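Chemist: Got a sequence here, can you model it:
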Amino acid sequence: MVKSKSSRPLSEEDIFTPDDILPGDEDSSQEATPSFEHFRLSVDPGQEPVRIDRFMASHLENTSRSRIQNAIKSGYVFINDAPAKANILVKPGDIIKFMMPYEKRHVDIQPEDIPLDIVYEDDDVLVVNKPAGMVVHPGNGHYTHTLLNALAFHLGLRDTEDERMGVLVHRIDMDTSGLLVVAKNEGAQLKLAKQFFDHSIDRRYVAVVWGNLKEDEGTIEGNIARDPGDRLKFRVDPTGEKGKPAVTHYKVLERFGFVTVVECKLETGRTHQIRVHMTYIGHPLFNDERYGGAEIRKGTIYSKYKQFIRNCFALCQRQALHAKTLGFVHPSLGEWMQFDSVLPSDMEALLEKWRKYSANMPVEEDDE
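Modeler: Purely as a prediction, here's the structure:
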């Protein structure tokens, strides 16, 4: 445990491990303005001037100076509410904070032998293709059978404080499938988190949305905030004053008249961003129950069409969203790495069904 004269006891995980953000994040990456305090140190009266990394190392147990220096370099250490520089000297009365763009983890991660679809792995990173239905992080009623439980087993974790524990630097929703990158050490974690913060990560999704978009490509902008009428949902704030700025770029891949297949490229990574932004422009994701996509939004009133839609819902029993492409600079090699995944079988079956149906019907334009 880590203690200081002015802070509560802290574990090693509290300081340098990304933790709980929000359950069911679509792509909650560590790119928001750092706002969660993980620990605080007050410099005592009479303290001789000393470099901040030396001071922190002497006050935090089981924490190396190199780890502290990495945190300072990545901009996660603040002194008197300003980002700390590596050579700054602390003085009496200074307040040192470690701030990260996610909350501290409150759930122990226990290893579970769950098969993983590993796309790539080396000593620093692991890229995994998560299936739909798997929760990423324990919490909110899901405390076992999560991706982190599976990672703990795969990495040979012996207990919840094992430093080999994989660190997720972004997350996707339980019912969204696709690619995620995992940092296998604190150095890789800090460098990957910095790329998310700088918006230099390439994240592209494939989604099936209701309606026939007028434009072949476009950009959706709007602050995303929690819906005051439903705490499990988010929305674009109508005033533009609340929430966090969010930008989604989209491009049409296929048109089926009543639904459209789009590629969404995230410039930011907010909770449920694609789902909220597509709903905002009148095109919710197909079979997205939370945002109104699990009902007929476009099409005819005939019973044959209604049965067709019910069959489509049965094929893809979740929001039709897949994190298909992921690109980043390798934290150690400095080389750009790009990964692409095939659509899962449920989404591919859904598209094939729509291709056959649309081939025999006239394309209907949206009136939006």
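Chemist: Okay, helices next: where are they in the stretch 101-250 of the chain?
Modeler: Per DSSP state H, counting those that start in this stretch, the stretch 101-250 of the chain carries helices over the ranges 147-154, 186-197.
Chemist: closest one to residue 53 among those?
Modeler: Closest to residue 53 of the helices of the stretch 101-250 of the chain is helix 186-197 (C-beta to C-beta; 14.3 Å). C-beta coordinates here come from the backbone N, C-alpha and C atoms, glycine included.
Chemist: Show me what the closest one is packed up against.
Modeler: Helix 186-197 makes packing contacts with helix 65-73, strand 167-168, strand 177-183, strand 321-329 when contacts are defined by 3 or more C-beta pairs under 8 Å, 6 or more residues apart in numbering; DSSP states H and E.
Chemist: same for the last one, what does it pack against?
Modeler: Spelled out, it's strand 321-329. Using 3+ C-beta pairs under 8 Å, 6+ apart: strand 321-329 touches strand 177-183, helix 186-197, strand 202-210, strand 336-340.
Chemist: Okay, angle between the third one and strand 336-340 too, please.
Modeler: Read that as strand 202-210. 20 degrees (axes from the mean of the first three to the mean of the last three C-alpha atoms, to 10 degrees).
Chemist: the inter-axis angle of strand 202-210 versus strand 177-183?
Modeler: 160 degrees.
Chemist: What mean pLDDT does strand 202-210 get?
Modeler: For strand 202-210, mean pLDDT is 97.
Chemist: Please name the nearest non-neighbouring residue to the residue lying farthest from the centre of the chain.
Modeler: Most distant from the centre of the chain: residue 46, at 43.9 Å, with distances by C-alpha atoms, centre = their mean. Leaving out its chain neighbours, the residue that sits closest to residue 46 by C-beta to C-beta, 6 or more residues apart in numbering is residue 92, at 6.5 Å.
Chemist: Show me the one of the helices of the stretch 101-250 of the chain that comes nearest residue 361.
Modeler: Closest among those, once you apply C-beta to C-beta, is helix 147-154, at 39.7 Å.
Chemist: what about the closest residue to residue 154 other than its chain neighbours, distance to residue 302?
Modeler: Distances taken as C-beta to C-beta, 6+ apart put residue 116 closest to residue 154, at 5.8 Å, once the chain neighbours are dropped. Residue 116 sits 44 Å away from residue 302, taking C-beta to C-beta, to the nearest Å as the criterion.
Chemist: Compare these two (neighbour count), which wins?
Modeler: residue 116 (17 against 9; other C-beta atoms under 10 Å).
Chemist: who touches residue 283 in this structure?
Modeler: Shown in contact with residue 283 (C-beta atoms under 8 Å, 6 or more residues apart in numbering): 209-211, 213, 260.
Chemist: Now the two most distant members of those.
Modeler: Maximum pairwise distance among the contacts of residue 283 (C-beta to C-beta): 10.0 Å, between 210 and 213.
Chemist: These two: who's more crowded?
Modeler: Set residue 210 next to residue 213 and count neighbours by other C-beta under 10 Å: residue 210 wins out with 24 against 20.
Chemist: Break this protein into its domains for me.
Modeler: 2-21+34-100, 199-368 (automatic domain parsing).
Chemist: which one of the helices of the stretch 101-250 of the chain lies closest to residue 82?
Modeler: The minimum distance between residue 82 and the helices of the stretch 101-250 of the chain falls on helix 186-197, with 17.1 Å, by C-beta to C-beta.
Chemist: follow-up on the earlier one: what about the residue farthest from the centre of the chain, which SS state?
Modeler: Under the three-state scheme (DSSP: H, G, I helix; E, B strand; the rest coil), residue 46 adopts coil.
Chemist: Wait, it touches residue 91, no?
Modeler: No: using C-beta atoms under 8 Å, residue 46 makes no contact with residue 91, being 10.5 Å away.
Chemist: The residue nearest to residue 118 when sequence neighbours are not counted: neighbour count?
Modeler: Spatially, and ignoring its direct neighbours in sequence, residue 118 is nearest to residue 128 (5.6 Å; C-beta to C-beta, 6+ apart). Residues near residue 128, counting by other C-beta under 10 Å, number 23.
Chemist: about what we covered before: turn the helices of the stretch 101-250 of the chain into JSON lines, columns for distance to residue 51 and mean pLDDT.
Modeler: Compiled in JSON lines, the helices of the stretch 101-250 of the chain are given as follows (distance: least, C-beta to C-beta, whole Å; pLDDT from 0 to 100):
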{"stretch": "helix 147-154", "distance to residue 51": "35", "mean pLDDT": "91"}
{"stretch": "helix 186-197", "distance to residue 51": "19", "mean pLDDT": "87"}
